[in-house]
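Novice: dropping the sequence and predicted coords here.
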Amino acid sequence: MKKLYFFIAVLTSLMMTAQNDITFSVDMSSYGTSFTTVYVSGELNGWSGTANPMVDMGGGIWSATISLADGEYQYKFSHDDWAGQDNLIQGEACTVTDGGFTNRYLAVNGANQTLDTPSFSTCYDDGNAGPYNTTFIVDMSGYAGAFTTVHVSGAFNGWSGTANPMVDIGSGMWSTTISMTENSHEFKFSVDDWADQENFMPDAAGTITNGGFTNRFVNVLGDESRSYVWGAGGSITLSTNEVVSAANFIAYPNPTNDAWNVATNNTTITSVRVYDISGKQVLTLTPNASTVSIDGGTLQKGIYFANIQSDKGQSSIKLVKN
């Protein structure tokens, strides 16, 4: 089994060839200890204390732009080959606590990013701690057993198996919206008051392991919708400040061996982004039309999600490749 997961990890690494320019910056003006150079240290460079030096931009601001493949990264700011490092508070929205270590967290997904500028050892504070509306969507179509209701169970509701039930929105998709504070929250999807729950291998995408338990996590920084597949690591950010509905668009044939046709009769489709179940973007289109053909000929068999932007908002549909 370990060999299988190693093979999957290597294959995923080889597939993730798209590079994105990520600009990091940190404010060192309130740091009370002398130093020479600040570095970005993390999973992106094997936690090296010297691999990615930052440039002094003046006024206490240090900056570095690093080219990264799509994926999830834990990191910290450090200085002078680990002579000093970020000391972060567990549970803050910019962090994850994994295996007893609290680090900053970054998700890279098909776009260049310029990150906010925090002070050393703090998260960026925009003055709003929430709460924010987080919409969870989970695909249960591959679940083998019988169940009545899916629930979101996490630290925010005392790991209750009944507090946050989801609604069946069709095609195997279940959804609910939860008001959450600006924090990093651990959770899982469960069914029927813990009759069953998701199970993950340590280090699965989008999970953290603490106290022997491996759970999903979500960093709540604003209103958003996120889509998941039961038991599969990773997630897809589908929209901001909107509840996603799968009923706005029609995809046919679905499943398909080749291409999907996506149509709507009341709006113009401006962009389509297709993601695999790990959250990696695999296709992007800008049709500016009421119909679009998505060529899946080069894709592997499996489940995909299309995030569709139109002139009337965003939505998401599940795609199946035979």
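Specialist: Right, received. Where do you want to start? Everything numeric here is computed off the predicted structure, so don't read it as measured data.
Novice: so what sits opposite the closest residue to S41 other than its chain neighbours in the bridge?
Specialist: Among residues not flanking S41 along the chain, S78 sits closest, at 4.5 Å (Cβ to Cβ, 6 or more residues apart in numbering). For glycine as for every other residue, the C-beta is placed from the backbone atoms N, C-alpha and C. On the basis of DSSP bridges, S78 takes part in beta bridges with Y39, Q85.
Novice: shaky segments in the stretch 201-322 of the chain?
Specialist: Along the stretch 201-322 of the chain, segments meeting pLDDT under 70 span 234-248, 265-266, 277-279, 312-314.
Novice: how does it look with 80?
Specialist: Residues of the stretch 201-322 of the chain meeting the criterion pLDDT under 80: 203, 205, 233-252, 254, 263-267, 276-281, 303, 307, 309-318.
Novice: strands of that one, residue ranges please.
Specialist: 207-210, 213-219, 224-229, 232-239, 250-252, 259-263, 269-276, 281-285, 291-295, 302-310, 313-321 (DSSP state E, counting those that start in this stretch).
Novice: which one of these lies closest to G154?
Specialist: strand 213-219 (7.5 Å; Cβ to Cβ).
Novice: now stretch 252-259 - C-alpha only, CSV.
Specialist: Extracted in CSV, the C-alpha atoms of stretch 252-259 (Å, rounded to 0.1, in the frame of the first residue of the first chain):
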residue,chain,number,x,y,z
TYR,A,252,-24.3,16.4,-22.2
PRO,A,253,-23.3,13.7,-22.8
ASN,A,254,-22.3,13.1,-19.2
PRO,A,255,-20.6,10.7,-18.7
THR,A,256,-18.6,11.0,-21.9
ASN,A,257,-15.7,9.4,-23.7
ASP,A,258,-14.6,12.5,-25.5
ALA,A,259,-16.3,15.9,-25.0
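Novice: contacts for it?
Specialist: Outside of stretch 252-259, the residues within contact range by Cβ atoms under 8 Å, 6 or more residues apart in numbering are 260-261, 263, 293-297, 318-322.
Novice: return the closest of the residues you listed with respect to R226.
Specialist: The closest of the contacts of stretch 252-259, once distances to R226 are taken by Cβ to Cβ, is K318, at 14.4 Å.
Novice: since we're on that closest one, how many residues are nearby?
Specialist: Using other Cβ atoms under 10 Å, K318 has 19 neighbouring residues.
Novice: hmm, it is touching G172, no?
Specialist: Yes. Between K318 and G172 there is a contact under Cβ atoms under 8 Å: 7.5 Å.
Novice: the helices in the chain, which residues?
Specialist: 2-15 (DSSP state H).
Novice: residue farthest from the centroid of it?
Specialist: The centre of the chain is farthest from one residue, S34, which by Cα atoms, centre = their mean lies 36.0 Å away.
Novice: ok, back up a step: which neighbours do K318 and G172 share?
Specialist: With Cβ under 8 Å, 6+ apart, K318 and G172 have common neighbours 139, 141.
Novice: mind saving the C-alpha coords of stretch 315-322 as PDB?
Specialist: Taking C-alpha atoms only, stretch 315-322 is exported to PDB below (Å, rounded to 0.1, in the frame of the first residue of the first chain):
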ATOM      1  CA  SER A 315     -22.000  27.900 -10.900                       C
ATOM      2  CA  SER A 316     -20.500  24.400 -10.900                       C
ATOM      3  CA  ILE A 317     -21.300  21.100 -12.500                       C
ATOM      4  CA  LYS A 318     -19.800  17.700 -12.100                       C
ATOM      5  CA  LEU A 319     -18.300  16.000 -15.200                       C
ATOM      6  CA  VAL A 320     -17.600  12.300 -15.600                       C
ATOM      7  CA  LYS A 321     -15.000  11.000 -18.100                       C
ATOM      8  CA  ASN A 322     -15.400   7.300 -19.000                       C
END
